[in-house]
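Student: below are the sequence and a predicted model; questions follow.
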Protein chains: 2
Amino acid sequence: MFDYIVVGAGIVGLATAYHLKRLDPNASILVVDKESGPGAGDTGRSAAAFRVFFTGRLNMLLAGSSVEFYRHVQEDEGYDLGMMWVGYLFLLDEDGLRRVEDGLREAERMGLPFRRLDPRVVEERMGLRARVTGLEEAELIDAGDVVDAVLVEKAGIMDPERLVRYYYEKLQSMGVEFAFDTKVEGFIVEPRKPLGIEGEPFAWQEARVAGVRVAGGKELRARRKVIAALGAWSPLLLDEIGVDSYSRPKKRQVFVIRADGERARVLRAQGLNRYGIAPMTILPKGVYMRPEPGEGTFWVGVSDYLGRPYKLEEPPHPEEDFYTLSVLPVLSLYFPQFQDAYPQAAWAGHYDISFDSQPIVYEPYDSDLIVAAGTSGSGIMKADAIGRVAASLALGLDEAELYGGESIPVKWLGIEGRLLEEEKLVI
Amino acid sequence: MFDYIVVGAGIVGLATAYHLKRLDPNASILVVDKESGPGAGDTGRSAAAFRVFFTGRLNMLLAGSSVEFYRHVQEDEGYDLGMMWVGYLFLLDEDGLRRVEDGLREAERMGLPFRRLDPRVVEERMGLRARVTGLEEAELIDAGDVVDAVLVEKAGIMDPERLVRYYYEKLQSMGVEFAFDTKVEGFIVEPRKPLGIEGEPFAWQEARVAGVRVAGGKELRARRKVIAALGAWSPLLLDEIGVDSYSRPKKRQVFVIRADGERARVLRAQGLNRYGIAPMTILPKGVYMRPEPGEGTFWVGVSDYLGRPYKLEEPPHPEEDFYTLSVLPVLSLYFPQFQDAYPQAAWAGHYDISFDSQPIVYEPYDSDLIVAAGTSGSGIMKADAIGRVAASLALGLDEAELYGGESIPVKWLGIEGRLLEEEKLVI
């Protein structure tokens, strides 16, 4: 019997366990995961870029405080998280410009720093082909010239596996227990006042989630709360007990392209940040190109929506055709250096997408179950804050103190009392 | 090729088709359903009670205007919808009273009419056993005395099959076409500018929902919009194309108890409404007892949450044990007339529950697909308004005019711009 059981040793589960233990040092905590180590699910499959550049208050608070915490870990604690502030570079066609205009104005008003670059500067420094009008390939995919470029400096890339390792080592040193290779098959739902009648709980009984059933029929029980930090697996396990994570899994793919030949110059773009490497670059139509300087590669991909099923794939497979038909035509149009580039590796993971793209943290039906889900593709960059909110909720607190000292109501991530905002910098 | 295809001939699909045709009389509209007639899914399985007694503005607007429309149909058009304004009677224990106190104060402030009855009056007129303290059965289920009773007069029961018939006859006379026994197997997602390349649409293409594929491989196509009015079937078909209905199905059960012997007196309770029959009565712990005076029966049931899976059951089966163990202990405690009552019939259906219990009406990704889902158990009483919002959205309007003349922004039922309110009269 533990005080708390955290199901899922992904980044959200780890951050939650860490802040639970920090806030309640005497509590006994068990983290359970079906994999053989921490961060072995979608956490490690992330493209792992971060930005602190949003117009929505919640986005700014969650990402802002988490990224500051990671900076603190890397710079003050000296624990290398692979953070590099390479920046985000948005390359905008007419259409893209129209879509972000409002957001940029708002960002300006809020005093968020960004720079506008003449596309010719990006041509010079990165080898962008900004002018594509008239090219057959551009007409085929209905693509326009890059007419503007926005460089956001408070943004970059990091290594989620090191962040996982950081929390994991902390948790071990604090005495939090782990059960790996332990597949949770279901949650135990029991009446608070059991009568010992078969079929409990009945509709008139107050019920709670008392723990989990794991493979082999064993039960693991929690005195206080069970935290479901299941990411893309949330619906699979929570639907069964009638709890909605308000989020659904969607496959995302990353393709690795060696930065050799002409692409080496793209990777080592000068003058855009202090590292002399390419920023995380977002092309028209959402195709991104993320530098991985340590390996001398780019990670490229695109998020697809309509037509891409909401579905959990185990394990998720990258699709060669997706690279060839959905990524490459855009990538090689604006960066002809990629014309003959073929992925040397690829992987796939899931986004766990909520209805407003904000995390979901709530306790359904006062059930002692805390759901922490819906990271929607920004889980790494918000994980520390999500963990603080989930831990605070588990402790019965109304507010969660984020890194840096600002507090937010935990209900902002719940359903009732949720802070529903429009984010103008969805790019 | 049709202008509009409505998938689902349940009450939401019918109301949507009706208002589409009303607002755009020249449009060609096809309604498709897998069943052999309209309203054959969960619409006909509803407990079919209505109330116009909410503190939330959206609830009041949607239910208020729809119920007024139904009243107009029945009273002015002379089309019998089986509406009887028998009222809702909430029997409150200490706990229930605490939960609704705020809501009742708010209702008073808003000028919503209701009456508080001394439980002794309900004892006299309906045969309620208000005082249960000390009874073994009460202790077993942890139930307390009924300490207050609230009678809401702007509420009652109706016959959803007649409402279905009303819309269906109108639609037929207006020239809307129907394809019954036609199972939709999937939605057709296509690029707006097709290139004829296998695997389209690709991520860089603008795509739309062009129609549906039905059993036998046939395609039905819509020039303008496809409306998915799928209720509990929404995730099944929409997940496949990566569209979230933001709603999930949960089974609900109705048990029919003959009102003979002592129960006849309960059914024919005098002095609580103009009909001299029992109101729709909600007991502590959520058990309800709905009069069906035409058949001389009660429909009884209870909504269960934690532990009841989110799952589509085809067809959904009522569970004898659920009546015996979850409904009867509460029902027979407060109404001993039901002590030996056994259901003479029973059925089950689904609620299609959204995150805030309000309907979901939106067009994902400008895809020409309109999702109308998430009725959350109040679909019948809000159907006319939902249909107006969905039709307005399909026509590209920003506002929907509800019955009675008030207009609301269609985005209030969408995701961005959604009107998220707390309803204080969740009972």
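Tutor: Yes, it's here.

Student: name the spans of chain A whose pLDDT lies under the cut-off.
Tutor: Applying pLDDT under 70 to chain A flags residues A:427.

Student: if I read this right, A:I282 contacts A:V100, doesn't it?
Tutor: No. If you go by CB atoms under 8 Å, A:I282 and A:V100 don't touch, sitting 10.5 Å apart. In short, each C-beta sits where N, CA and C put it, glycine included.

Student: which residue, other than its chain neighbours, is closest to the closest residue to chain B within the stretch 301-427 of chain A?
Tutor: For the stretch 301-427 of chain A and chain B, the shortest gap (CB to the nearest CB) falls at A:S326, measuring 3.8 Å. Nearest residue to A:S326, sequence neighbours excluded (CB to CB, 6 or more residues apart in numbering or on different chains): B:A203, at 3.8 Å.

Student: same check on A:L402?
Tutor: Nearest residue to A:L402 in three dimensions, chain neighbours excluded: A:S65, at 3.8 Å (CB to CB, 6+ apart).

Student: residues near that neighbour, how many?
Tutor: 22 (other CB atoms under 10 Å in any protein chain shown).

Student: so after the host helix or strand of it, what's the next helix or strand?
Tutor: According to DSSP states H and E, A:S65 maps onto helix A:57-71. Towards the C-terminus, the helix or strand next in line after helix A:57-71, according to DSSP H and E, is strand A:88-92.

Student: and the next helix or strand past the longest strand belonging to chain A?
Tutor: The single longest strand within chain A, with elements called by DSSP state E, is strand A:247-258. Where DSSP H and E defines the elements, the next helix or strand beyond strand A:247-258 is helix A:262-267.

Student: quick one: contacts of stretch A:89-97?
Tutor: With contacts defined as CB atoms under 8 Å, 6 or more residues apart in numbering or on different chains, stretch A:89-97 is touched by A:100, A:117, A:119, A:122, A:128, A:130, A:143-152, A:272, A:278-284, A:334, A:427.

Student: could you pull out the helices for the stretch 251-400 of chain A?
Tutor: A:262-267, A:320-321, A:328-334, A:379-394 (DSSP state H, counting those that start in this stretch).

Student: verify the stated contact: A:E200 with A:R192.
Tutor: No. Shown here, A:E200 and A:R192 do not form a contact pair, counting by CB under 8 Å, at 10.5 Å.

Student: contacts only, for the residue nearest to A:W204 when sequence neighbours are not counted.
Tutor: Computed as CB to CB, 6+ apart, the closest residue to A:W204 that is not its neighbour in sequence is B:K285, at 4.3 Å. Neighbouring residues of B:K285 by CB under 8 Å, 6+ apart: A:203-204, B:141, B:143, B:302, B:330.

Student: go through the helix or strand encompassing A:V100 and flag the buried ones.
Tutor: Taking DSSP H and E as the criterion, A:V100 maps to helix A:94-110. Buried residues in helix A:94-110, defined by neighbour count with 16 or more other CB atoms under 10 Å in any protein chain shown: A:96-97, A:100, A:103-104, A:106-107.

Student: before we move on, what about stretch A:119-135?
Tutor: For stretch A:119-135, the neighbour count (16+ other CB under 10 Å) marks A:119, A:121-122, A:125-130, A:132 as buried.

Student: what about it, start to end distance?
Tutor: 18 Å (CA to CA, to the nearest Å).

Student: what lies in contact with it?
Tutor: The contact list for stretch A:119-135, computed with CB under 8 Å, 6+ apart, reads A:89, A:91, A:138, A:143-149, A:262, A:265-266, A:269-272, A:278, A:281, A:333-337.

Student: need phi/psi at the residue nearest to A:V164 when sequence neighbours are not counted.
Tutor: Excluding the flanking residues, the one nearest A:V164 by CB to CB, 6+ apart is A:G39, at 3.3 Å. Dihedral pair for A:G39: phi 60, psi 30, per degrees, to the nearest 10.

Student: name all residues that make contact with A:G39.
Tutor: Contact analysis of A:G39 by CB under 8 Å, 6+ apart lists A:9-11, A:14, A:160-161, A:164-165, A:168.

Student: tell me the secondary structure for whatever residue of the stretch 151-300 of chain A ends up closest to chain B?
Tutor: Residue of the stretch 151-300 of chain A nearest chain B, by CB to the nearest CB: A:A203 (3.8 Å). Classification of A:A203 using DSSP: H, G, I helix; E, B strand; the rest coil returns coil.

Student: B:D304 is in contact with that one, correct?
Tutor: Yes. Judged on CB under 8 Å, A:A203 makes contact with B:D304 at a distance of 4.2 Å.

Student: tell me which parts of the stretch 51-200 of chain A are close to chain B?
Tutor: The stretch 51-200 of chain A has residues A:140-143, A:189, A:193, A:195, A:197, A:199 near chain B, with proximity defined as CB under 8 Å from any CB of the partner chain.

Student: what is the most widely separated pair among these?
Tutor: A:L140 and A:L195 (68.9 Å; CB to CB).

Student: quick one: contacts for the residue most central in space within chain A?
Tutor: Centroid-nearest residue in chain A: A:G379, 2.4 Å away (criterion: CA atoms, centre = their mean). Taking CB under 8 Å, 6+ apart, we find A:G379 in contact with A:10-12, A:42-43, A:46, A:231, A:352, A:359, A:386.

Student: cheers, nothing more for now.
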